[in-house]
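Colleague: what's the 3D shape of this:
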Amino acid sequence: MLIGDLLSAAANGYRDAPAIDFVGRLWRYGELETLVNRAARGLQILGVVHGTRVGLCLPNTPYSVIFYFATLRAGGIVVNYNPLYVDRELAHAIRDSGTEIMVTIDVALIYPKLARVAADMGLRKLVVCSMAGALPRLKGFLFPFLRPKELAKIASDARTVRYAMLMRNDGKPAPVTLASDDVAVLQYTGGTTGTPKAASLTHANITANCAQIIAGMAFDGPQRVLGVLPLFHIFALTTVMNLAVQSGSLMILMPRFDLKDLLATIARTKPTMFPAVPTIYTALVAAAAKDSSVDMGSIRLCISGGAPLPVETRQKFMALSHCELMEGYGLSETSPVVCFTPPGRPYKDGSVGLPVADTTIEIRDPDAPERLMPPGERGEICIRGPQVMRGYWNKPEETAHVMINGALRTGDIGYLDGDGYLFLVDRIKDVIIAGGYNIYPRMLEEALYQHPAVRDAVVIGIADKYRGQAPKAFVTLKPGMDATPAELLAFLGDYVSKIEMPKQIEIRDELPKTLIGKLSKKELVAEEDAKKE
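Modeller: You can find the predicted model right below:
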């Protein structure tokens, strides 16, 4: 099946049903189909053909949905970009993916850096959408006056294309022949090495994962899906956007997470399904403890992903909402969902659930991956299923490294119990997961090394009550040079996004090293673990 078929089916079966709620403004499925066709034709006029990579660098807005489906309908490949990326990260992904056209929005925090990078990288076109144009009429009219500092000044040049101009066409995109095994989305991930690379997800991968989730959750009809997670993240891409369209559900989009806005949105829209990460559930539990009027009673389906879910948070949220909060497990390379505990099945504390349909989890010996481990014994988690990526974009050697006899090596350590439930134990890959986002210590270390005073740098993950984990940096300084933690944090602002910033920087005289002189993290990890005891 093609991803575009999901929208066509929804437009035929739910034409007058609401598809998107964005801060109170509604788009119905029939209207969404029309807008997607116009955007698809507009992209084709700009030169999008089969296989053209189109970048989406957008917060959650209707434009995210429109251009996702429009790119695919025009024959292109979607490349997801985090709007919080700094210039260096944007440039790497553009170069690596071969992105030719970028879609963004006229927000001051996003557009200026895209314009800079687009010029530096020679992007063919930069399509700029209007935030005011997506808002309800009165809010859209007042937005430029009430929040002028949030809007960017848009260039008038041959590279820049306004959304309104792109949409001025007959809405009849030229037919494109696509196959289910064609790449649909390039999703950047650190994989098992911590080096950002793009997982090539096909139409079949993504539609299969949607079907697997719907079957596991036993949907009883269209839902109202709350989308506070960013759609550029694979978790929300599947569990909010694709799943909503496949089931004819309403997606309630929020441009960013703000607790006050989230509570107001829940009260206004009464969502029935709420995918989120542990930090959001933790924030809601804390809010309810302070305000007895917080009402989660409409929510019937919840799935937590991106990071381990504390047992206490799960129990308190379930008491608050009276719904089952399911913990799941997945990766960008698996579109992403691998397993969760379906409603009605026993929940086991510490487990991330059972494999979704047509998915096999193998536990293999990390040192001898040809050897399968028996139930209850720990090993590397390996995945087989229709949602497993084709490979890493243009990286055959990296792809071969993470495959074993057709199964994906996840780099995670875990075990299966006698009932087939998966338990995560540790990570082989050196990744910090903070609030559902992957943070790669190596990239932070390389950024710290750019400071002239830094001699050595090591970054590890430490416990964080709110985000689950947070990065902490340890550095030594060159002889005769000075720098404070505050100065180093300020320096990092030009190299990494706010999400990646270390929670702490500790300056030491020396850092632990191995016998051959390599910097060692295990002693630092042990020190931080001891502080928790």
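Colleague: who's sitting farthest from the centroid in the chain?
Modeller: For the chain, the largest distance from the centre (CA atoms, centre = their mean) belongs to Gly480, which lies 42.8 Å off.
Colleague: From Arg508, how far out is that residue?
Modeller: 17 Å (CB to CB, to the nearest Å). Bear in mind the C-beta positions are built from the backbone N, C-alpha and C, glycine included.
Colleague: any idea how this protein splits into domains?
Modeller: 37-178, 258-427, 434-532 (automatic domain parsing).
Colleague: Let me know which of these is the nearest to Trp27.
Modeller: Taking CB to CB, domain 37-178 is the member of the domains of the chain nearest to Trp27, at 5.8 Å.
Colleague: thinking again about what came up before, ok, the residue farthest from the centre of the chain to Cys57 distance?
Modeller: In terms of CB to CB, Gly480 sits 43 Å off from Cys57.
Colleague: circling back: which of the domains of the chain comes out lowest on mean pLDDT?
Modeller: Set side by side, the domains of the chain give their lowest mean pLDDT on domain 434-532, at a mean of 89.
Colleague: tell me how far that domain is from the chain's mean position?
Modeller: The chain centroid and the centroid of domain 434-532 are separated by 24 Å, computed with CA atoms, centre = their mean, to the nearest Å.
Colleague: Pick out the residue closest to the middle of the chain.
Modeller: Central residue of the chain (CA atoms, centre = their mean): His233, at 1.6 Å.
Colleague: hang on, isn't that residue packed against Ile499?
Modeller: No: contact between His233 and Ile499 fails when scored by CB atoms under 8 Å: they sit 11.2 Å apart.
Colleague: got any residues that touch both of these two?
Modeller: Common contact partners of His233 and Ile499 (CB atoms under 8 Å, 6 or more residues apart in numbering): Tyr437.
Colleague: On the three-state scheme, Gly171 is what?
Modeller: Here Gly171 is recorded as coil under DSSP: H, G, I helix; E, B strand; the rest coil.
Colleague: pretty sure it contacts Glu31?
Modeller: No: the pair Gly171 and Glu31 does not pass the contact test of CB under 8 Å, sitting 11.8 Å apart.
Colleague: overlap in contacts of those two?
Modeller: Shared contacts of Gly171 and Glu31, defined by CB under 8 Å, 6+ apart, are absent.
Colleague: Could you pull out the buried residues of stretch 37-56?
Modeller: Residues 37-44, 46, 48, 52-56 are the ones in stretch 37-56 that count as buried (16 or more other CB atoms under 10 Å).
Colleague: One more: stretch 415-423?
Modeller: 415-416, 421-423.
Colleague: How are the strands of the stretch 201-350 of the chain distributed by residue range?
Modeller: 224-227, 250-253, 273-276, 301-304, 324-330, 337-340 (DSSP state E, counting those that start in this stretch).
Colleague: Mind putting the ones you listed into JSON lines with distance to Cys129 and mean neighbour count?
Modeller: Converted to JSON lines, the strands of the stretch 201-350 of the chain look like this (distance: least, CB to CB, whole Å; neighbours: other CB atoms under 10 Å):
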{"stretch": "strand 224-227", "distance to Cys129": "17", "mean neighbour count": "25"}
{"stretch": "strand 250-253", "distance to Cys129": "14", "mean neighbour count": "27"}
{"stretch": "strand 273-276", "distance to Cys129": "24", "mean neighbour count": "28"}
{"stretch": "strand 301-304", "distance to Cys129": "29", "mean neighbour count": "24"}
{"stretch": "strand 324-330", "distance to Cys129": "29", "mean neighbour count": "24"}
{"stretch": "strand 337-340", "distance to Cys129": "29", "mean neighbour count": "28"}
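Colleague: do you know which of those strands lies nearest Val294?
Modeller: Here strand 273-276 is closest among the strands of the stretch 201-350 of the chain (CB to CB), at 13.6 Å.
Colleague: packing partners for that closest one?
Modeller: strand 224-227, strand 301-304 (3 or more CB pairs under 8 Å, 6 or more residues apart in numbering; DSSP states H and E).
Colleague: Regarding this structure, what is its longest helix?
Modeller: helix 29-45 (DSSP state H).
Colleague: Skip ahead from it and say which helix or strand is next.
Modeller: strand 53-56 (DSSP states H and E).
Colleague: Paired strands for that following strand, with orientation please.
Modeller: Strands that pair with strand 53-56, judged by DSSP bridges, come out as strand 77-80 (parallel), strand 101-105 (parallel).
Colleague: Of all those strands, which one is nearest Pro343?
Modeller: Nearest of these (CB to CB): strand 77-80, 29.5 Å.
Colleague: And for Ala215, the neighbour number?
Modeller: Residues lying near Ala215 (other CB atoms under 10 Å) number 13.
Colleague: Quick check: it touching Pro343?
Modeller: No: in this structure, Ala215 is not within contact of Pro343 by CB under 8 Å, at 11.7 Å.
Colleague: can you give me the helices for the stretch 51-200 of the chain?
Modeller: 62-73, 87-97, 111-121, 131-134, 137-146, 163-166 (DSSP state H, counting those that start in this stretch).
Colleague: quick check: angle from the longest one to helix 29-45?
Modeller: The reference is to helix 62-73. Helix 62-73 and helix 29-45 meet at an angle of 60 degrees, taking axes from the mean of the first three to the mean of the last three CA atoms, to 10 degrees as the criterion.
Colleague: what packs against helix 62-73?
Modeller: Using 3+ CB pairs under 8 Å, 6+ apart, helix 62-73 is in contact with helix 3-13, strand 18-22, helix 29-45, strand 53-56, strand 77-80, strand 101-105, strand 250-253.
Colleague: Pull the residues that contact the first one.
Modeller: Read that as helix 3-13. By CB under 8 Å, 6+ apart, helix 3-13 touches 19, 29-30, 32-33, 36, 69, 72-73, 178, 184, 203, 206-207, 210, 242, 245-246, 248.
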